[in-house]
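Trainee: What shape does this take:
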Amino acid sequence: MRILIAEDDPKTAAYLRQGLEENGFVADLAANGIDGAHLASDGGYDLIILDVMLPGKDGWSILTGLRSAGVETPVLFLTARDAVHDRVRGLELGADDYLVKPFAFSELLARIRTVLRRGTPRQPDIQRIADLEIDPRRHRATRRGLPLDLTPKEFLLLSLLVRRSGDVLSRTLIAEQVWDINFDSDSNVVDVHMRRLRLKVDDPFDDKLIHTVRGVGYVLEVRA
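Mentor: Now for the predicted structure:
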């Protein structure tokens, strides 16, 4: 399998290439965003490892261009940008995974294999669960066609629930993904924001989508 590495740090790029080739992959390098975008669109790769901060053209722009052009090659962001909003942005733009530097190569390899094995269609730009619609790029949410007036944190929280619809998410995971904090069992920040979100997403409607799983966390799903 062929992998493109778009990375401007020579030592990191060489380390990645050597490690991947030792594990049976063919790896090509792009040291800037211009070359990376060109190779990504024309090279027929099975996976792209993409840094965010690249000279010439950043990783956000490369990924946006690929998805706009209908290129569905899996993309794994590998970057020092570790803020939650960066991870959320990468995933919402269409990345398949996001790993923060510094990293363990064994974890990177495991994530690469998981992405390649996944074989599931990427979520559409507009995500729908029953009569709820989320448009991450425009930062808009509607239910039954009516706009939901959400704060930025509420939108991130709802986006996480929609992306992981059907999965029960623990308070710890939610706190890490939305607030970038280690969850304190004495803190009710997740529960408070979830109540506020339900007031806007569920309370005006008969069919409830956000459910509490007692002792575990929350899940967004359609229930009869």
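
Trainee: So which residue is dead centre in this protein?
Mentor: Residue closest to the average C-alpha location in the chain (Cα atoms, centre = their mean): Leu91, at 2.2 Å.

Trainee: Per-residue confidence, that one, what does it come out as?
Mentor: Leu91 is assigned a pLDDT of 88 by the prediction.

Trainee: Checking my notes, it in a helix, right?
Mentor: Yes: Leu91: assigned to a helix according to DSSP: H, G, I helix; E, B strand; the rest coil.

Trainee: Now it: closest residue in space that isn't a chain neighbour?
Mentor: Tyr98 (6.2 Å; Cβ to Cβ, 6 or more residues apart in numbering). Placement of C-beta: from N, CA and C, glycine included.

Trainee: From Glu107, how far out is the one you found?
Mentor: 12 Å (Cβ to Cβ, to the nearest Å).

Trainee: Pick out whichever of those two has more residues nearby.
Mentor: Each of Tyr98 and Glu107 has its neighbours counted (other Cβ atoms under 10 Å); Tyr98 has more, 21 against 10.

Trainee: my guess is that one contacts Arg81, does it?
Mentor: No: with contact defined as Cβ atoms under 8 Å, Tyr98 does not reach Arg81; the gap is 9.1 Å.

Trainee: Neighbours of Asp97, how many?
Mentor: The number of residues packed around Asp97, counting by other Cβ under 10 Å, is 20.

Trainee: In contact with it, which residues are there?
Mentor: Neighbouring residues of Asp97 by Cβ atoms under 8 Å, 6 or more residues apart in numbering: Leu76, Phe77, Arg111, Thr114, Val115.

Trainee: Now, of these, which are buried?
Mentor: Neighbour counting by 16 or more other Cβ atoms under 10 Å classes Leu76, Phe77, Arg111, Val115 among those as buried.

Trainee: What's the first helix or strand after the helix or strand bottoming out on mean pLDDT in the chain?
Mentor: When each helix and strand of the chain is scored by mean pLDDT, DSSP states H and E, helix 171-174 comes last, with a mean of 85. Once the chain leaves helix 171-174, the next helix or strand it forms, by DSSP states H and E, is helix 189-201.

Trainee: In terms of secondary structure, what does that next one contact?
Mentor: helix 152-163, helix 171-174, strand 210-213 (3 or more Cβ pairs under 8 Å, 6 or more residues apart in numbering; DSSP states H and E).

Trainee: got a list of contacts for that helix?
Mentor: Here helix 189-201 has contacts from 132, 141, 143, 148-150, 153-154, 157-158, 171, 174-175, 178-179, 181, 183, 208-210, 218, using Cβ under 8 Å, 6+ apart.

Trainee: now the angle between helix 152-163 and that helix, please.
Mentor: 80 degrees (axes from the mean of the first three to the mean of the last three Cα atoms, to 10 degrees).

Trainee: Now helix 189-201: buried residues?
Mentor: Of the residues in helix 189-201, those buried (16+ other Cβ under 10 Å) are Val189, Val190, His193, Met194, Leu197, Arg198, Lys200, Val201.
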